[in-house]
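Participant: 3D, please:
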Amino acid sequence: MMTRQKKHQGPIGIFDSGVGGLSVFREVRRQLPEEDLIYIADQAHVPYGNRSREQVLGFSDGIVRYLISKRTKLVIIACNTASAVALADMRKEYPSLPFVGMEPAVKPAAAETSSGVVGVLATPATFQGDLYASTVERFARGVKIVQDTCPGLVKQIEGGEIDSPETRAILKRALEPMLEQGVDEVVMGCTHYPFVIPLIKEIVGEGVAVIDPAPAVARQAGRLLTKFDLHQRRKKEGQLSFYTTGETQGLDKLLMDLLGLDSHSKALNWAEGNLRDR
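Facilitator: Modelled structure (predicted):
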């Protein structure tokens, strides 16, 4: 007779429109090495930052339902746009499933700034969302926030162009005006952007802190695993599974380029709002 899977044995699900969420995946794997992880890159629809609210909500719901079919015990929405649009709805729709979302790290930046000027790099959808507005309202009063959407940067990172002249030019166009205004903290408001932090640090210099929210997200995932008694009870490293709605060869190359992982991803297709194995 088959035994029912225990709740702590399921995987953690992580998703993004593309490979940006791998910056969160990397940190979750570092902090919770014993956990099985499933990563879904919806590369058929990347980037979400240019999509309508209804589209992002539909994509997020379809991915969450697929992750539930894999007996996922916790879901990390490793995309700032999807978090801003869909996190509250997903929590209402699936109340028994713990969720962790992304929030621009304006709070720690505002607390740490000496100059009183904080730069935020994010997509237009994140800047226009209620989550970002409420975060700035609650935690950044009296602090000047300088924003930039870094047009084209997500596309560069999806293409593996981490240190190309064009990527450098995009970042200089965003960061140099911020430096002129005196920023001493720069917040990554898109999960793609941490992959170019080394390049950002070259441009801004040692006097400017660059904040990656991924470690805080991984810590929150760990807290929820503890709260709901979901931690994997074993000593060996967990299994890693990767899925994409795009081309598997492209994702496999980026897994090697960005994380040093030699992995073979699996393909998914969208069909009437549902994800299906290809």
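
Participant: what residues are up against Gly119?
Facilitator: Applying Cβ atoms under 8 Å, 6 or more residues apart in numbering to Gly119 gives the contacts Ile145, Val146, Gln147, Asp148, Leu175, Met178, Val183, Glu185, Val186, Val187. C-betas here are computed from N, CA, C, even on glycine.

Participant: from these, which ones fall inside helices?
Facilitator: Members of those lying in helices (criterion: DSSP state H): Leu175, Met178.

Participant: Pipe the contacts of Gly119 into CSV and attach distance to Asn269, pLDDT and neighbour count per row.
Facilitator: Rendered in CSV, the data for these read as follows (distance: Cβ to Cβ, whole Å; pLDDT from 0 to 100; neighbours: other Cβ atoms under 10 Å):
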residue, distance to Asn269, pLDDT, neighbour count
Ile145, 40, 97, 18
Val146, 41, 97, 19
Gln147, 36, 97, 19
Asp148, 35, 97, 20
Leu175, 39, 98, 22
Met178, 41, 98, 22
Val183, 43, 98, 26
Glu185, 42, 98, 25
Val186, 38, 98, 27
Val187, 35, 97, 26
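
Participant: Closest one of the contacts of Gly119 to Glu35?
Facilitator: Val187 (27.1 Å; Cβ to Cβ).

Participant: ok, what's across the strand from the closest one?
Facilitator: Val120, Ile211 (DSSP bridges).

Participant: Same check on Leu275?
Facilitator: Beta-bridge partners, per DSSP bridges, of Leu275: Trp270.

Participant: Distance check, it against Pro213.
Facilitator: Using Cβ to Cβ, to the nearest Å, one obtains 26 Å as the distance from Leu275 to Pro213.

Participant: and the two? which has more neighbours close in?
Facilitator: Neighbours of Leu275 and Pro213, each counted by other Cβ atoms under 10 Å, are more numerous for Pro213; the result is 24 against 21.

Participant: measure that one to Gly246 for me?
Facilitator: 25 Å.

Participant: One more: Leu97?
Facilitator: 26 Å.

Participant: The two: which has the busier surroundings?
Facilitator: Between Leu97 and Gly246, counting by other Cβ under 10 Å, Gly246 is the more crowded of the two (19 against 16).

Participant: any idea which helix or strand carries the more buried one?
Facilitator: Counting by DSSP states H and E, no helix or strand carries Gly246.

Participant: Contacts only, for it.
Facilitator: Gly246 sits next to Ala41, Gln43, Ala44, Val46 when contact means Cβ under 8 Å, 6+ apart.

Participant: And for stretch 256-265, what's in contact with it?
Facilitator: Contacts for stretch 256-265 (Cβ under 8 Å, 6+ apart): 19, 22, 25-26, 41, 160, 162, 195, 240, 242-244, 248, 251-252, 255.

Participant: make it 10 Å
Facilitator: 19-20, 22-23, 25-26, 29, 39-41, 157, 160, 162, 195, 240-244, 246-252, 254-255 (Cβ atoms under 10 Å, 6 or more residues apart in numbering).

Participant: Just the endpoints, please. Distance across it?
Facilitator: 12 Å (Cα to Cα, to the nearest Å).

Participant: just stretch 147-161 next, same as before
Facilitator: Its first and final residues considered, stretch 147-161 spans 23 Å by Cα to Cα.

Participant: What residues of that stretch count as buried?
Facilitator: For stretch 147-161, burial by neighbour count (16 or more other Cβ atoms under 10 Å) applies to Gln147, Asp148, Thr149, Cys150, Leu153, Val154, Lys155, Gln156, Ile157, Glu158, Glu161.
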